[in-house]
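1. no sequence for this one, just the structure:
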């Protein structure tokens, strides 16, 4: 009998992250703030263009002593709750009209389960909703342009199977097994079509406790099999209700 359980982890938070570094006083490269001021002075636009060439397609950007590349998944600062997005474009100029020389990035957002329309996706039932992990993300076609300085760090996003096979996770480790269409507010594939398990026939949440049947190798929630969590360690061999019936063990 094997068991799996997800560790209790804190939600991604910027409080423990290093603060952005400022340029040295003697640096010849203007800071983003200085670039924005210079951009309002027509006489100095030519000097700025020598520093930032809008015709170049950039595939990497360095900030906070870290290098970020196109395709990286990033934790993005937000005043309410930090967001997660895939870096799809680096925009050195004209990303945001009001600040034309303030470098920006374009990101494609991941949604969390709290962003999903519960009614349209059969998630009003708490058991269905709890089948989705707090560390589960859904890729979308929702794109935005944000300042480069909002980048906090890279995060890791795995497939369900990869995530489930990991022994440990930290607060910046996530997984995905479906997409989300924000326009139609539906999961792809739909929740009802996800792979199901246990007696309850709900999709398994890898951050919940479940145990493996020694006969069929299926995974089951202890409570669904009439087992208290604290009694799991006392069991040498576990047979699920289906296998008990098949083996006449009831």
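-> Done, it's in. Please read these numbers as outputs of a predicted model, since none were measured by experiment.

2. Around residue 102, how many other residues sit close by?
-> 20 (other C-beta atoms under 10 Å). (C-beta placed from N, C-alpha, C; glycine too.)

3. ok, it to residue 146 distance?
-> Plainly put, residue 102 is 11 Å away from residue 146 if you go by C-beta to C-beta, to the nearest Å.

4. Residue 108 in helix, strand or coil?
-> Secondary structure state of residue 108, per DSSP: H, G, I helix; E, B strand; the rest coil, is strand.

5. residues in contact with the residue nearest to residue 156 when sequence neighbours are not counted?
-> Distances taken as C-beta to C-beta, 6 or more residues apart in numbering place residue 173 nearest to residue 156, at 5.1 Å, with adjacent residues excluded. The neighbourhood of residue 173, defined by C-beta atoms under 8 Å, 6 or more residues apart in numbering, consists of 135, 155, 156, 158, 163, 166.

6. Which members of those are the farthest-apart pair?
-> In the contacts of residue 173, two members sit farther apart than any others by C-beta to C-beta. They are 155 and 166, at 14.3 Å.

7. Please identify which of the two sits among more neighbours.
-> residue 155 (21 against 12).

8. How about that one: what's its closest non-neighbour residue?
-> residue 172 (4.6 Å).

9. and the gap between that neighbour and residue 191?
-> In this structure, residue 172 lies at 26 Å from residue 191, with C-beta to C-beta as the measure.

10. With residue 232 instead?
-> As judged by C-beta to C-beta, residue 232 and residue 191 stand 28 Å apart.

11. How is the chain partitioned into domains?
-> 14-193, 209-250 (automatic domain parsing).

12. Compare these and say which comes out lowest on pLDDT.
-> Sorting the domains of the chain by mean pLDDT places domain 14-193 lowest, at a mean of 83.

13. could you pull out the strands for the protein?
-> Chain-ordered strands for the chain, with DSSP state E as the definition, fall at 2-4, 60-63, 66-69, 73-76, 83-91, 104-111, 136-147, 151-154, 156-159, 173-181, 186-188, 210-212, 219-220.

14. Please identify the pairing partners of the third one and their relative orientation?
-> This means strand 66-69. strand 60-63 (antiparallel) (DSSP bridges).

15. Then the last one?
-> Using DSSP bridges, the strands paired with strand 219-220 are strand 210-212 (antiparallel).

16. Equivalent analysis for the longest one, please.
-> Within its sheet, strand 136-147 is paired with strand 104-111 (antiparallel), strand 173-181 (parallel), according to DSSP bridges.

17. coming back round to it: can you add distance to residue 91 and give the contacts of residue 173 back as CSV?
-> As requested, the contacts of residue 173 are exported to CSV (distance: C-beta to C-beta, whole Å):
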residue, distance to residue 91
135, 30
155, 21
156, 25
158, 29
163, 32
166, 35
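
18. which among the residues you listed gets closest to residue 73?
-> Checking the contacts of residue 173 against residue 73 with C-beta to C-beta, the nearest one is residue 155 at 5.2 Å.

19. Against residue 108, how distant is that closest one?
-> The span separating residue 155 from residue 108 equals 14 Å under the rule C-beta to C-beta.
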